[in-house]
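Build me a model:
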Amino acid sequence: MDLENTIQERASVSAEPKKVFVRTYGCQMNVYDSQRMSDALAAEGYVASDTAEDADLVLLNTCHIRAKAAEKVYSELGRLRKLKDERAAAGKEMLIGVAGCVAQAEGGEIIRRAGAVDLVIGPQTYHRLPDAIRRVRGGEKVVETDYAVEDKFDHLPAAKPSVVRGRGVTAFLTVQEGCDKFCTFCVVPYTRGSETSRPVAQIAAEAENLARAGVRELTLLGQNVNAWHGEGPDGSEWGLGRLLFRLAEIPGIERLRYTTSHPRDMDDELIAAHRDLDRLMPYLHLPVQAGSDRILKAMNRRHTVDDYRRLVDRIRSARPDIAMSGDFIVGFPGETEADFAETLKIVRDIGYAQAFSFKYSPRPGTPGAELDDQVPEPVKDRRLQELQALLTSQQKAFAAGLVGSGMAVLLEKEGRHEGQLVGRSPWLQPVIVEDAAGRIGDIIRVRVTHANANSLSAEAA
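Next up is the predicted model:
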């Protein structure tokens, strides 16, 4: 009997599923890619782990936009090496993989610099992940960064509705990947490749799968999402505006968003969608990066400040309640105090509900890194603090202006404190209400009672 129990116990242990822990750095597209990698591994029998400590496989999905982000990855790899050694001493396996844009940019250098890494896989080759892991288990150190001829989305399995349901009532959906703009500060064209658009049928099928799992709000993703031009059901080429109308027809999908946009790709059809499509939220992330034409030219942005101003005027004319969000870089090579003053001016003139601002960070392999007249770090620091103070004041003013108003809020999750739920406003702010106001997944009417530092408080209307 004891022997039989021992055999059953060993069989139970051997039947335990492998655990995977994915740590995501950077943009929303990396969040989406992490989910798709998890889905691909789930089809191979892996289950998600909340920590690296008990995972059989750890994947770092990395960002290469700024130098500090890449160095964070190597710091984390040093910590994981110690954890891997501890698990090996206990007779347990741990595999470490690096994915994402750092993987694509540095390839085999990662394994040379961090010997504990078993696998390096770029963002275009995630459909090869299960096979790459099998090769690692066969004793190889695997580097998969060659661009696949096939579309990676064709090869990644759709997530099971039960898995999606556990992720909540909002979801990301990548429709476009890569960039052809070649801004001189940016590594994306080198790590994500050229602009590629998914066909309508593929996007709609994924959106319908998400809707069946209870998703009520979709955010369409792309490095230049409004550059999306995909094949329609009739073989013709569609633009993003038309795609948004198609997705709005899907039962259960009540809200639509998209990010990140490029000013050069904002066409009439997309502006009309903001005017005519109620399910398209009145919030637009439209980076300008700088307020000086001289710096915009050096950045190879291929638009002027006046182009941007006139575009914002057209968008606001079509949708008067729209809120603008943006990206700004300070300290680009050659930026003078006069150039920086122009950036502050466009921020004051446009008025942003939210924005992201960064110091210029030279990225190896980009033209900006080779430019003369690099701006000293103390100057960058000062300018960033001044810009962020202005942007923060605008964000607070926008939130304060909503106090006393009514709005529709999608309830997303439980709050930090008992008896609270957190929802999302049309303008992407967290909204805190009492849990008696509704259930997660409901869209309710509320009246805003208070503007907090990073959220709104409201009561059911």
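
Hmm, residue 222 and residue 188 touching each other?
No. Counting by CB atoms under 8 Å, residue 222 is not a contact partner of residue 188; they are 10.8 Å apart. (Glycine included, C-beta is placed from N, CA and C.)

Same drill for these two, tell me which one is more crowded.
residue 222 (28 against 22; other CB atoms under 10 Å).

show me the contacts for that one.
When contacts are counted by CB atoms under 8 Å, 6 or more residues apart in numbering, residue 222 is found next to 29, 174-177, 228, 258, 260.

Just give the nearest non-adjacent residue to it, would you?
residue 176 (3.1 Å; CB to CB, 6 or more residues apart in numbering).

how close does that neighbour get to residue 123?
13 Å (CB to CB, to the nearest Å).

From what I see, residue 224 and residue 196 are in contact.
No. Counting by CB under 8 Å, residue 224 stays clear of residue 196, with 10.8 Å between them.

Check which helix or strand the nearest residue in space to residue 172 that is not next to it in sequence maps to.
Using CB to CB, 6+ apart and skipping the chain neighbours, the partner closest in space to residue 172 is residue 32 (4.2 Å). Using DSSP states H and E, residue 32 sits in helix 28-42.

Only the buried residues of that helix, if you could.
Neighbour counts over helix 28-42 (16 or more other CB atoms under 10 Å) mark 29-42 as buried.

how would you label the closest residue in space to residue 187 that isn't next to it in sequence: helix, strand or coil?
Leaving out its chain neighbours, the residue that sits closest to residue 187 by CB to CB, 6+ apart is residue 363, at 4.7 Å. At residue 363 the chain is in coil, as set by DSSP: H, G, I helix; E, B strand; the rest coil.

how deep is residue 363 tucked in, by neighbour count?
Quick note: residue 363 (other CB under 10 Å) scores 22 neighbours.

Please apply the same query to the one 3 residues further on.
Residue 366 is surrounded by 18 other residues when neighbours are defined as other CB under 10 Å.

Would you tell me which one of the buried residues of helix 28-42 comes nearest to residue 381?
Lowest distance from residue 381 to the buried residues of helix 28-42 (CB to CB) belongs to residue 30, with 27.0 Å.

surely residue 323 meets residue 425?
No. Under the criterion of CB under 8 Å, residue 323 makes no contact with residue 425, lying 9.5 Å away.

which residues sit in contact with residue 428?
Residues near residue 428 by CB under 8 Å, 6+ apart: 257, 281, 283, 325, 354.

What is the nearest of those to residue 144?
residue 257 (31.8 Å).

Packing partners of the strand or helix carrying that closest one?
Secondary structure assignment for residue 257, by DSSP H and E: strand 255-259. Applying 3 or more CB pairs under 8 Å, 6 or more residues apart in numbering; DSSP states H and E, one finds that strand 255-259 contacts strand 217-221, helix 240-248.

Now do it against strand 217-221, angle only.
Here strand 255-259 runs at an angle of 20 degrees relative to strand 217-221 (axes from the mean of the first three to the mean of the last three CA atoms, to 10 degrees).

re earlier: list phi and psi for the residue nearest to residue 222.
The phi/psi pair for residue 176 (degrees, to the nearest 10) reads phi -140, psi 140.

Isn't it up against residue 197?
Yes. In this structure, residue 176 is within contact of residue 197 by CB under 8 Å, at 5.1 Å.
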